[in-house]
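J.: Provided below for reference: sequence and predicted model.
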Amino acid sequence: MSPSRRGALALTPLLVFLVVYLVTSLAVGDFYKIPVSAAFLVASIYAIGITRERGGNAPGSSAGNTAGSSAGNTAGTSAGKLPLRERIAIFSGGAGDKNVLLMIWIFVLAGAFAGTAKAIGSIDATVNLTLSILPAKFLFAGLFLAACFISLSIGTSVGTIVALVPLAGGLAADTGMSLPLITAIIVGGAFFGDNLSFISDTTIAATQSQGCSMTDKFKANLWITAPAALAVAILYLVMGLRTNVVTQAGPVDILLLVPYLAVIVMALTGLDVLLVLTSGLGLNLAIGLLRGTIGWNDFLEAAGNGIAGMGDLIIVTLLAGGMLALIRHGGGLDALIQALTRRIRGKRGAELSIAALVSLANLCTANNTIAIITTGGIARDITEKYKLDPRKSASILDTFSCLMQGILPYGAQLLMAASLSGAGAFDIIGKLYYPLALGIAALLAILLRLPVKYR
């Protein structure tokens with residue numbers, strides 16, 4: 001099989017996933033009838049089935065050769081064919097990738113922290129404090145700006161979601177406001193900082209790949225993100241002014257606020273998110289025992305329930321990591337890159353190709369940092385060939401990767417937000433205004449060749 005046909009075939013598991021998940025859900029008229037994990041399972045089995053030929057650098061190939069060589073020789077397979085055991089080894093290597101496992105450890109600790117914080121009453125106390133500070137009419141805009149500030153400070157959308165989304169359920173219950181809307185407000189603000197922060201993984205990857213400084217990329221990026229964030233903040237302010245909800249804040253136990261405040265403060269100091277969540281978990285235990293709200297057995301039960309609530313998210317992450325390793329092994333990403341860069345015309349077309357390149361790579365990998373790393377080298381070649389401004393190219397890479405990550409129902413951020421809040425991923429997407437505004441601003445910046453300074 002030719003490399004181009006092989007690469008196109010390697011991409012088809014994504015199509016299978018979309019057909020199984022989206023089309024089936026539309027057919028039954030309910031997006032919650034089909035679990036994401038089940039759709040990924042079908043697509044992963046299909047990916048293992050169609051992966052037949054050896055790739056140039058497959059993850060786990062050496063392990064697969066060792067494990068499956070005798071089986072392959074016995075079956076009489078040719079040198080270019082992959083035995084089943086080796087295909088499974090590549091899949092397992094992708095599922096066990098260090099970045100995938102790191103995300104899973106974050107999910108486990110986040111679930112345990114959220115479960116124990118709820119058990120000791122920290123969520124109720126924080127909700128009461130929020131309601132006492134922010135009147136109902138300013139609640140939407142206030143939450144969005146708080147999420148923007150925290151994510152910009154800590155440089156991670158996941159950390160912001162972990163810190164703020166558990167409050168969404170309590171706020172919705174106490175005010176009668178839409179749970180998906182409040183969750184979406186926080187998620188949108190979380191992506192603001194993920195895209196713009198100096199210490200964000202996406203910023204580091206984008207600037208390193210394009211050879212520009214973080215400060216220069218920040219200035220170029222700000223011309224795109226600031227108008228989008230301002231427009232959405234005004235929208236939330238108008239929406240809040242039109243609400244007739246009367247909020248009544250309950251009593252605030254200051255000690256119960258400590259876990260959430262500590263998590264935010266520690267994150268702002270730049271501590272690793274795993275250390276932040278572990279410390280928060282210890283604070284939940286100490287305060288729960290001190291206040292007498294939970295005992296040791298209750299703490300373990302709450303932590304276990306919180307982790308169990310992340311179970312589906314963990315399974316999806318493992319299946320997606322394995323399936324995407326097979327896609328990469330089969331040359332699917334290479335085929336995608338070649339197809340998008342084949343017919344570039346002019347500077348505007350070059351910038352649009354970079355945007356499309358990183359967006360589709362993000363669709364395939366469900367990880368905005370990995371998408372930037374995967375396409376950064378090609379984007380730099382395009383930048384040099386068509387004499388683009390590297391600061392603008394880095395901004396495009398970061399912005400469109402965050403845009404795609406913000407609307408993927410199987411992306412880690414939305415799945416985590418859904419797990420922590422209890423709202424459905426598609427319900428949250430339907431209320432996500434910031435990624436939409438960011439996408440419009442980013443496209444206008446390319447089509448109108450703005451800002452002028454970076455032409």
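T.: Yep, it's here.

J.: helix, strand or coil for the residue nearest to Asp216 when sequence neighbours are not counted?
T.: Nearest residue to Asp216, sequence neighbours excluded (Cβ to Cβ, 6 or more residues apart in numbering): Arg391, at 4.6 Å. Heads up, the C-betas are built off the backbone N, CA and C, glycines and all. In three-state terms, and counting by DSSP: H, G, I helix; E, B strand; the rest coil, Arg391 is helix.

J.: Tell me if I'm right that Arg391 and Lys217 touch.
T.: Yes: using Cβ atoms under 8 Å, Arg391 is in contact with Lys217, at 5.5 Å.

J.: shared neighbours, the two?
T.: Common neighbours of Arg391 and Lys217, using Cβ atoms under 8 Å, 6 or more residues apart in numbering, are Gln210.

J.: Count the residues that sit near Ala141.
T.: Using other Cβ atoms under 10 Å, Ala141 has 21 neighbouring residues.

J.: likewise Ala442?
T.: Ala442 has 24 neighbouring residues, counting by other Cβ under 10 Å.

J.: From Lys219, how far off is it?
T.: 16 Å (Cβ to Cβ, to the nearest Å).

J.: Let me see the contact set for the closest residue to Pro3 other than its chain neighbours.
T.: The shortest distance from Pro3 to any non-neighbouring residue, by Cβ to Cβ, 6+ apart, is to Gly331 (6.0 Å). For Gly331, the contact set (Cβ under 8 Å, 6+ apart) comprises Pro3, Arg6, Gly7, Ala10, Gly55.

J.: Low-confidence regions, the stretch 201-350 of the chain specifically.
T.: 245-250, 268 (pLDDT under 70).

J.: circling back to that earlier point, just among the contacts of Gly331, which is most surrounded?
T.: When those are compared by neighbour count (other Cβ under 10 Å), Ala10 ends up highest, at 26 neighbours.

J.: Next, give phi and psi for Leu11.
T.: The phi and psi values for Leu11, taken as degrees, to the nearest 10, are phi -80, psi -10.

J.: picking up where we left off before, list the contacts of the residue nearest to Asp216.
T.: Neighbouring residues of Arg391 by Cβ under 8 Å, 6+ apart: Gln210, Cys212, Asp216, Lys217, Lys219, Ala220, Tyr454.

J.: Just to be sure, the fifth one is in a helix?
T.: So the one you mean is Lys219. Yes: assessed by three-state DSSP, Lys219 belongs to a helix.

J.: For it, which non-adjacent residue is closest in space?
T.: Setting aside the residues directly before and after it, Lys219 is nearest to Arg391 in space (Cβ to Cβ, 6+ apart), at 7.4 Å.

J.: one step back: how about the contacts of Gly331 in TSV, adding secondary structure and pLDDT?
T.: Converted to TSV, the contacts of Gly331 look like this (DSSP: H, G, I helix; E, B strand; the rest coil; pLDDT from 0 to 100):
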residue	secondary structure	pLDDT
Pro3	helix	75
Arg6	helix	85
Gly7	helix	86
Ala10	helix	91
Gly55	coil	61
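
J.: List just the nearest of those residues to Thr383.
T.: Nearest to Thr383 among these: Gly7, at 23.9 Å, using Cβ to Cβ.

J.: Same list, the contacts of Gly331, but as a markdown table with distance to Ala233 please.
T.: What follows is those, written out as a markdown table (distance: Cβ to Cβ, whole Å):
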| residue | distance to Ala233 |
| --- | --- |
| Pro3 | 48 |
| Arg6 | 48 |
| Gly7 | 43 |
| Ala10 | 42 |
| Gly55 | 47 |
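
J.: All set, thanks.
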